[in-house]
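[1] Task: produce atomic coordinates for the following.
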Amino acid sequence: MTTCHGTIQGYSGQALIDAKHQIIVEGEVFGWGQDHHHLKPVVNGAQENIKAIGKGDDYFTGAILTADTAYHSGESIKKCEEEGIDAYIPDKDFQKRHPGLEVKKSSLASRRRKFRLEDFRYDETADAYECPIGKKLKRHTRSQRSPWGTVYQTYRADKGDCEVCTQREGCISKKGTKGKRKYLFIPIESESRNYSQAMGAKMDTERGRMIYPHRMKIIEPVFANIRTQKRLDRFTLRGKIKVNIQWLLYCMVHNIEKIVHFGPEFAVG
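    Predicted structure coming up:
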């Protein structure tokens, strides 16, 4: 799976944590590197677990859920709304909009040097874009739907044109081999309800900024406990079934430790 550390052979251990006692109410491993697909199946699994102990279908209605930026997608946000869950999942620009976060002036100046979409002229006859120095960006692929529900059409320049371009630094964001040519992603369609935009507005409220920081003290100690104290820093088996069993065993040991600490009389409320 593709991750921020490159392409690896492995699985991502997911867990949904109770805020009161840090009990893991659902756990599962996935072979997807990107987390925006993970929230929906984890919520479904938690609902099944809650029903198994005699709770009703509306148990999670009104519950607060926090997840980091990696889980932000139209699919995840829509799932939470359908289940009546009060979710707080920030978009990728959340920290930039935070009043307490200062952006370096040098960074802002660098961004202003970059070409924008309006600097590229669209040729309707050729269905291509022309860059500021006159090179063509042709349609590359069929339309693609982003995790946020927007459909994009991709256009790309010829690699040879970009390699010798004197305006390369003001056009291509990525450096090295990853920035071999210019790509334009043109939005052509979006869902009638923009779930990502609505969540962004929700996160910018006083309530959103108050609730979201609690995520770290709820979830991170659990993963730190499993990785550092329980020493599960890598899975030792192959195949989703075996790896999932290994992950759930460690989740169970974590929960047993919590029960020992808080006492056997506590239960999901």
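[2] Contacts only, for residue 159.
    Applying CB atoms under 8 Å, 6 or more residues apart in numbering, we find residue 159 in contact with 180, 181. C-beta coordinates here come from the backbone N, C-alpha and C atoms, glycine included.
[3] how much space between it and residue 2?
    Noted for residue 159: a distance of 22 Å to residue 2, by CB to CB, to the nearest Å.
[4] any chance you could map the strands in the stretch 101-250 of the chain?
    Assigned by DSSP state E, counting those that start in this stretch, the stretch 101-250 of the chain shows strands spanning 121-123, 128-130, 136-139, 144-145, 151-157, 183-189.
[5] what about those strands, which gets the closest to residue 51?
    strand 144-145 (32.0 Å; CB to CB).
[6] Show me what the mean pLDDT comes to for the closest one.
    Over the span of strand 144-145, the pLDDT mean works out to 74.
[7] and that strand, what other elements does it pack with?
    With contacts taken as 3 or more CB pairs under 8 Å, 6 or more residues apart in numbering; DSSP states H and E, strand 144-145 sits against strand 151-157.
[8] Okay, buried residues for the strand it packs on please.
    152, 153, 154, 155, 156, 157 (16 or more other CB atoms under 10 Å).
[9] In contact with the nearest residue to residue 154 once chain neighbours are set aside, which residues?
    Residue nearest to residue 154 in three dimensions, not counting chain neighbours: residue 140, with 4.5 Å by CB to CB, 6 or more residues apart in numbering. Going by CB under 8 Å, 6+ apart, residue 140 touches 154, 155, 156, 183.
[10] Tell me how far residue 140 lies from residue 223.
    38 Å.
[11] on that earlier part again, may I ask which of the buried residues of strand 151-157 comes out lowest in pLDDT?
    Minimum confidence in those sits at residue 152, scoring 83.
[12] give the contact list for the residue nearest to that one when sequence neighbours are not counted.
    Of all residues not flanking residue 152 in the chain, residue 185 sits nearest, at 4.5 Å (CB to CB, 6+ apart). Each residue near residue 185 by CB under 8 Å, 6+ apart is listed here: 152, 153, 154.
[13] So which of those residues is the closest to residue 194?
    Nearest to residue 194 out of these is residue 152 (CB to CB; 14.3 Å).
[14] Looks like the closest one contacts residue 142 (just checking).
    No. Assessed by CB atoms under 8 Å, residue 152 is found out of contact with residue 142, at 10.4 Å.
[15] State the helix or strand in which residue 41 lies.
    Following DSSP states H and E, one finds residue 41 within helix 39-52.
[16] What's the separation between the spatially most central residue of the chain and residue 26?
    Geometric centre of the chain, nearest residue: residue 70, 1.8 Å, by CA atoms, centre = their mean. Residue 70 is 17 Å from residue 26, where distance means CB to CB.
[17] And residue 73, by the same measure?
    19 Å.
[18] That'll do, ta.
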